[in-house]
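**Student:** need coordinates for the following:
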Amino acid sequence: MEEEIEDRVAERRRQVEKQVVLLRREIASEKARRLCVRKRFLLQELRDRVAFWGEELLNAVEEKIAARLKEEDAFGSGISSLERLVAEALFVAGTPCVVCVPPGTAERLSSRPEIVEVREEIDDPWGGCTVYTASDKRIFVENTLQTRWRRCRAEVGRELDRFLIPFFEEVDRISRELRLS
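**Tutor:** Numbers count the residues shown, from 1 in each chain. Modelled structure (predicted):
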């Protein structure tokens with residue numbers, strides 16, 4: 001009878017040990033899953049913060065550009081930025097055009113045969129010009145400084161992303177190797 005009791009106790013002990021092993025595996029698996037979810041969350045939070053900082057940086061640059069343009073009068077004496085912007089736009093257009101510029105700047109434009117009319121109707125604090133076709137008044141070229149900044153900003157954003165990809169890949173690699181308890 002003692003042997004039978006010992007065998008039952010031993011069998012029950014083996015069953016309990018198997019259950020303990022299974023429970024430990026389940027706990028370890030759940031812990032690893034939660035850790036993986038947490039790592040992904042933290043990596044995404046890092047990406048979001050870096051994107052936010054990049055956006056803040058570009059906003060600060062934009063504010064500085066606007067302030068500098070306001071202080072320095074982008075359309076000062078001599079060959080002005082406006083004349084260069086208009087010349088570029090007319091080169092692209094190549095047909096008779098209506099040119100729209102900021103108020104008070106039309107007299108600074110040299111007369112050009114491509115210009116049918118100059119209108120002072122651009123409400124853009126950064127300045128520039130918009131060129132319309134003379135025939136149907138469609139916008140042909142928008143050559144304002146803000147338009148250029150928007151294109152530049154997008155390009156800077158892409159370059160920033162391209163620059164940061166290796167950083168995030170390295171952070172991701174390190175996080176996979178990181179063992180947290």
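
**Student:** elements contacting the host helix or strand of Lys18?
**Tutor:** Secondary structure from DSSP states H and E places Lys18 in helix 2-72. When contacts are defined as 3 or more CB pairs under 8 Å, 6 or more residues apart in numbering; DSSP states H and E, helix 2-72 packs onto helix 145-177. Just so you know, the C-beta spots here come from the backbone N, C-alpha and C atoms, and that holds for glycine as well.

**Student:** from Phe52, how far out is the most centrally placed residue in the chain?
**Tutor:** Computing the C-alpha centroid of the chain and ranking residues by CA atoms, centre = their mean puts Gly157 first, at 4.2 Å. Note on Gly157: its distance to Phe52, by CB to CB, to the nearest Å, is 12 Å.

**Student:** just Val156 next, same as before
**Tutor:** From Val156 across to Phe52, the span is 15 Å (CB to CB).

**Student:** of these two, who's got more company?
**Tutor:** A direct count of neighbours by other CB atoms under 10 Å for Val156 and Phe52 places Val156 higher, at 15 against 10.

**Student:** run through the residues that contact the more buried one.
**Tutor:** Shown in contact with Val156 (CB atoms under 8 Å, 6 or more residues apart in numbering): Leu58.

**Student:** switch the cut-off to 10 Å
**Tutor:** Under the criterion of CB atoms under 10 Å, 6 or more residues apart in numbering, the neighbours of Val156 are Gly54, Leu57, Leu58, Val61, Trp149.

**Student:** just the buried residues of stretch 164-181, please?
**Tutor:** For stretch 164-181, a neighbour-count test (16 or more other CB atoms under 10 Å) marks Val171, Ser175 as buried.

**Student:** can you list contacts of it?
**Tutor:** With CB under 10 Å, 6+ apart, stretch 164-181 has contacts from 31, 35-36, 38-40, 42-43, 46-47, 50-51, 54, 161.

**Student:** quick one, which of these are buried?
**Tutor:** Lys39, Gly54.

**Student:** brilliant, that's me finished.
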